[in-house]
Structure formats: structure tokens, C-alpha cells
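J.: fold the following, please.
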Amino acid sequence: MQTQDLIGKHYTSLYAGSHGNDLLDAAINADGTYQFACQETWLAQAHGQRRRVEISMHALKGENQQLHGFAMVVRHMLPHTLLQDRLRGCERRFRLFTQCVDDAAFCMLDPQGTVMDWNAGAQHLIGHAARSIVGKSFATFFSEPQRTGEFPVHLIQTASRDGRACVGCELLRAGEGFPAEVILEAIHDGDGTLLGFALIMRDRTQSQLAERRLREAREQIVHAQKIEAMSHLTGGIAHDFNNALQGIISSLELASLSLDRHHAEQARRHVLLSLDAALRAGRLTQRLLSLARRQACSSQRTNIAKVFNAMRELLGRTLGDGIMLEVSFPDNLPPLICDSGQLESALVNLAVNARDAMAGHGHLAISCRLCHPGDSSVQVSLDHSHDVYVEICVTDDGPGMCSETRRRAFEPFFTTKVEGRGTGLGLSMVHGFTAQHGGAVDIQSVPGAGTSVLLYLPCDSAGMDIAPPQQPKKAPNLRGYRILVVEDNQTIRESVATRLRQLGCIVAEAATGDEALSMLAGNASWDLLLSDLDLPSVDGYELCCQARKLLPKLRVILMTGYAESEWHDFKAFDNAMDALIKPFDMGELLNKVQVLLQPAE
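T.: Predicted structure coming up:
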């Protein structure tokens, strides 16, 4: 319509149809100065067309409320309608999306935590139909102890304050708990007003199962790598062990001949040589047992010097004659907070990788030094909760790595070796080992200039200034103590019992655990039980437990030929118990006996 077509005509002539004066009457009767009447209708257009509009009318009145006229606003409804349609479409699509997701629960909560709406995934996860849960507090999802501890309230408070709360917890389904991840997101209006919360819940049962299986698989891989390393060692170990046995046999034969000729001093010298060879043979077996054992990660106080000295023997055979091995470390290093067996396995992995990179010929150096998190020479981030770290550096003069290889070196299954020569898990396991113990690992390499792998492991600050243990007395006064020696190996049993008798102890001998229990029950005056761990019928550990029930004050020393680290599995050790690792010399045995029977005051 043109302007001239409207001037002088009644406003209802705009309508497409007869509507009377409803809007006019509503505007006149509107309460308040700023109130107006509003109406949606169809507007007549030229050529008989219509358009949907919103007409609002405001009565114009003077100070004495005398009516002067009306202000009328006509607004085209199409953009507004389209916007509403879009909003409804978005809402419909979002609802379809949330309803179709059944492996995650979506809930809408009001600011107090009351459930306003939820999807099919929530019904599947929690086990409640919407009609039975809408209008109730989301605290219903949690167990009674969590509700009592106001855990849901804390979640609401955290999400209100921080905008988001994410926790792992236990939720209820049909009265049974299951592990879940809960995310609470705060939803605000444009002016910052809190409208409520979006609650997302996921069942973590399967993910925890997968994590456990992955952890078990990693442990299996570590063990397999140890067995692979042992396969490289067995030939050399057998050679060295046979050499040690030959030294023992030859020295004892010479000692026997010297005694026959009454050359006591020569006999004594040959016996000492035999003893030294026997102890070296024992160290070989301990290294094999330590490398082969299968156990979970534990944070122990590990003596670096002891590990490095052992690795000299171990790696010397693993790497072969073509590799020149150099192992160096400063004196008086503090103990590390790590598992010694896993540290040995990590060093074997790095050494074997270096040997393969050098094609079996070259120079390999293993060294270590103390460092601190703030040192400029340390190029990786270290946790400042530990003041002192040990940097273990394994350096080869092989071909080195390019930047891409360095970047991917710690990825599981990534390897530069030919097919069938490597799993690509060695460096990944080394990285995992250092991370588990609060450390870090770094690779420094240039193509053509060799590679250095640096392990950073935290030190035990409590052991930084530990004084060296006092040397025990050579001939302790043990006269009168009653000791029961339990050992199924007759040679060991008789030799230990004989030495104790020489020092004045009252010694009884048993070959089995059952026999030992009978002897213990028959006399309540025993001072010490010295038993092997691996016994027929009743093993040494069970014997110890039963003996302590009979005689609570009984001192116990358990002997074993297994690796020293196996003793970390026993939780019952106290000041009245100790372990003795075979092979041992009599001086070590007597020291432990004296410490238990004659504790320092």
C-alpha cells in the first residue's frame, strides 16, 4: 500500500479481514503509562496478498489522562518466526543427538542440582527411567557414603566456582557400585546468571579393565625382554661359572695337598682363593635371578654403585668382544628411589640398542652424576619436589639419530631396526620406567656423531648423609644361645651348625619344616630360628609364622638362594627378623646372628 492509501482511513483497514476495535480497546484500557496492547494478525497487501505481522498499540495521554491519540507499530513476523523455527530445530537436533548417545549419560540440572532432563544414555547407565528421576537431586546417583560426605554438594560448589568439575568416582546402578567419570559443566545466561549444569557421566569399567590388561601386557613385555637379555648372557655366564668352579676345585685340591704336607699357611691361602671363587660364582647367579624375576614396580632405595658394578659383568657378556665398555661413577652417591631390577633392565635395553646401532663394534660409556632441577645443563623438565637427581648417561659412538627419529624414539613399536630384529618397545619401556619413579629421560644425538640417552632418577634425600655401617666383630660372643638350624641341604646345615657350635652356641639341626616345628614345640627356650626358605612340606616362611605364634619373642633369620629383591614381597619383617641371601660367608651370617641376639643398647 502507498502512504496516500492509508492517510485518513481507520487502522483496521490494514487487516486482511474484519477484527473490530479489539486492539484499540485494549490499548485504551492498558494499565500504566508505559503499557501497550499487542496482537498478531494478517496484514492486507496489494493484489490480495497477506503478510503475518505483529501490531502493538500504545495510547498517548496527557497529564490529565486525556487521550490524544495512539502510536501503532507494525512488525513483520517472518524473521522472528524463522528464528523461533531455527531454535526449535536446534533443540530438536540436540535432543536427537543426546538421545542417540547410549554410552554416555547427559543430564540437565538446575542450580540446586535437581534433574530437569536426561537422555537414553543416562537411563542405560544409571538404570532409572526419566519419570522416576526427573525432579530429584542428582545426589541419588551416588553411594550412601558419598552422599553422607556431601560429595555431590562439593561437586556443585566446585562447578559453580570454577565453571567445571571433573572427577573419577563410584556411581550406583541397581544398588551396585561401578567406576565412573563425572563431568559437571556450569551453564550461564548472557548476563552471567547461573541457569544450571550439564552433567556428563561415563562408565569406566571397561576402560579400567583395558588399563589393567595394558599394564599386565607391559609387565609381560618387560619380562620377555629380560629373558631375551638372559639368552645373550647364558653362554658367557656358563663360561664364567665353570671358571669359578674350576678355581674352587683346583684351590681345594691344592689346599688338601698342602695339609697332607703340613704346609698350613699354603693350605690357608688356597682355601681363601677357593672362597673368593665361590663368592664370584654366587654373584653371577644373583645377577641372573635379579634380571629374570617378575615383579611389579616398587620404589626401593637402590645402591647405584652396587648396580653399576653388577652391570660391568652383565653387559660385558651381553655386548660381546667388539664393544669396548666403560662404566664410571663418583664415590658416595646417594641411593636412588627406584626398583633396582627395572633399572638393570633399562640399562640392558639401552646397551643392547647401542650395540645394534654400532653393528657390534664401537665404544659404549655408562656414567652418572648428581644434578638438580634448576641446572642449565638439564634439557628436560624435572619435578621440583625432589631436590637432587642422578643423571645416568649411556653414550655410544654409533651413527646417531635424525630429528624425526629422536622425536619418535619413545613411541611404542617404533623401531629403525630391520623387520624381526626389534619390537620397538625398548625405549618406550625405559621412558615408562623413569616416569613411574618420578624421573625423566632425554635423548641427545646428531647424525654421524653418536647418541647419548640420559636417565634422570630422584635420589633419596634421607640417605644423602647416611654414615657407612660399622664393621661387625669377627668373633662375636654367642656362648649359651640356643639356635635351631633348619636346612634340607646337609652340607650347608652341618657347616653352619659347626661354626655356631665353635662360638659356644647350643645348636640343634632339622631337615624339614615339620621336624623343626616339633622341636620348637618341645622346648620353649629357643633364642633363634635359622631356616632356609625353600623347605619340603612346610616352607621357611610358613615355619617362621607358626614358630612366632608358639614363641612370640623368637628371633628369625631366613636363608634363600633367590634374588635379594624377592624379600620386598614379605610384609611381616620386623626388628626380630632378617634375611640372608645365599651364597654368604660365615662372617655375614655371624653378624646377622649377633645383631638379632645382641641388639645395640
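
J.: correct me if wrong: Glu54 contacts Trp42.
T.: No. Here Glu54 lies out of contact with Trp42, judged by CB atoms under 8 Å, at a distance of 11.2 Å. No exception for glycine: its C-beta is placed from N, CA and C like everyone else's.

J.: if I look at Leu252, how far off is Arg499?
T.: 18 Å (CB to CB, to the nearest Å).

J.: ranges for the strands of the stretch 501-601 of the chain?
T.: 506-510, 528-532, 555-560, 577-581 (DSSP state E, counting those that start in this stretch).

J.: give me whichever of those strands is most buried.
T.: Highest mean neighbour count of those: strand 528-532, a mean of 25 (counted as mean count of other CB atoms under 10 Å).

J.: how about that one as PDB, C-alpha atoms only?
T.: Coordinates of each C-alpha in strand 528-532 appear next as PDB, following Å, rounded to 0.1, in the frame of the first residue of the first chain:
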ATOM      1  CA  LEU A 528      67.000 -68.000  67.300                       C
ATOM      2  CA  LEU A 529      65.500 -69.900  64.300                       C
ATOM      3  CA  LEU A 530      67.900 -70.000  61.300                       C
ATOM      4  CA  SER A 531      65.900 -71.500  58.400                       C
ATOM      5  CA  ASP A 532      66.100 -72.000  54.700                       C
END
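
J.: what helices or strands is that strand leaning on?
T.: strand 482-486, helix 513-521, helix 540-550, strand 555-560, helix 586-597 (3 or more CB pairs under 8 Å, 6 or more residues apart in numbering; DSSP states H and E).

J.: show residues contacting it.
T.: Identification of contacts with strand 528-532 by CB atoms under 8 Å, 6 or more residues apart in numbering yields 481-489, 492, 496, 513, 516, 520, 540, 543-544, 547, 554-560, 593, 596-597.

J.: tell me the mean pLDDT for stretch 406-414?
T.: In this model, stretch 406-414 has an average pLDDT of 71.

J.: how far is the helix or strand where Thr491 lies from where the chain is centred?
T.: Assessed by DSSP states H and E, Thr491 sits inside helix 490-502. From the chain centre to the centre of helix 490-502 is a distance of 46 Å (CA atoms, centre = their mean, to the nearest Å).

J.: CA atoms of that helix as CSV?
T.: Taking Å, rounded to 0.1, in the frame of the first residue of the first chain, the C-alpha atoms of helix 490-502 are listed here in CSV:
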residue,chain,number,x,y,z
GLN,A,490,73.1,-81.5,54.6
THR,A,491,76.4,-79.8,53.6
ILE,A,492,75.0,-76.3,54.4
ARG,A,493,73.3,-77.4,57.5
GLU,A,494,76.3,-79.1,59.0
SER,A,495,78.7,-76.3,58.1
VAL,A,496,76.5,-73.6,59.6
ALA,A,497,75.8,-75.6,62.8
THR,A,498,79.5,-76.4,63.2
ARG,A,499,80.5,-72.8,63.0
LEU,A,500,77.9,-71.8,65.6
ARG,A,501,79.0,-74.5,67.9
GLN,A,502,82.6,-73.3,67.7
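
J.: buried sites along that helix?
T.: Buried positions in helix 490-502, judged by neighbour count with 16 or more other CB atoms under 10 Å: Arg493, Val496, Ala497, Arg499, Leu500.

J.: against Glu509, how distant is the second one?
T.: So that's Val496. Per CB to CB, Val496 is found 9 Å from Glu509.

J.: between the helices and strands packed on strand 528-532, which gets nearest to Cys107?
T.: Closest approach to Cys107 among the helices and strands packed on strand 528-532 is made by helix 540-550 (52.5 Å; CB to CB).

J.: and the angle from that closest one to strand 577-581?
T.: Helix 540-550 runs at 160 degrees relative to strand 577-581, counting by axes from the mean of the first three to the mean of the last three CA atoms, to 10 degrees.

J.: I'd like the average pLDDT over helix 540-550.
T.: 89.

J.: same check, this time on stretch 371-389
T.: Averaging pLDDT along stretch 371-389 gives 86.

J.: only alpha carbons, please: show it as PDB.
T.: Coordinates of the C-alpha atoms in stretch 371-389 are reproduced here as PDB (Å, rounded to 0.1, in the frame of the first residue of the first chain):
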ATOM      1  CA  CYS A 371      72.200 -32.800  39.200                       C
ATOM      2  CA  HIS A 372      69.400 -30.500  40.300                       C
ATOM      3  CA  PRO A 373      66.100 -29.500  38.700                       C
ATOM      4  CA  GLY A 374      67.400 -26.000  38.000                       C
ATOM      5  CA  ASP A 375      70.600 -27.000  36.300                       C
ATOM      6  CA  SER A 376      71.100 -25.300  33.000                       C
ATOM      7  CA  SER A 377      72.700 -28.500  31.600                       C
ATOM      8  CA  VAL A 378      69.500 -30.400  32.100                       C
ATOM      9  CA  GLN A 379      67.300 -30.100  29.000                       C
ATOM     10  CA  VAL A 380      64.200 -31.800  30.300                       C
ATOM     11  CA  SER A 381      61.700 -30.700  32.900                       C
ATOM     12  CA  LEU A 382      62.300 -32.300  36.400                       C
ATOM     13  CA  ASP A 383      59.900 -32.300  39.300                       C
ATOM     14  CA  HIS A 384      61.000 -29.700  41.900                       C
ATOM     15  CA  SER A 385      59.500 -31.900  44.700                       C
ATOM     16  CA  HIS A 386      62.900 -33.700  44.600                       C
ATOM     17  CA  ASP A 387      66.000 -31.700  45.300                       C
ATOM     18  CA  VAL A 388      68.600 -34.000  43.900                       C
ATOM     19  CA  TYR A 389      68.600 -36.300  40.900                       C
END
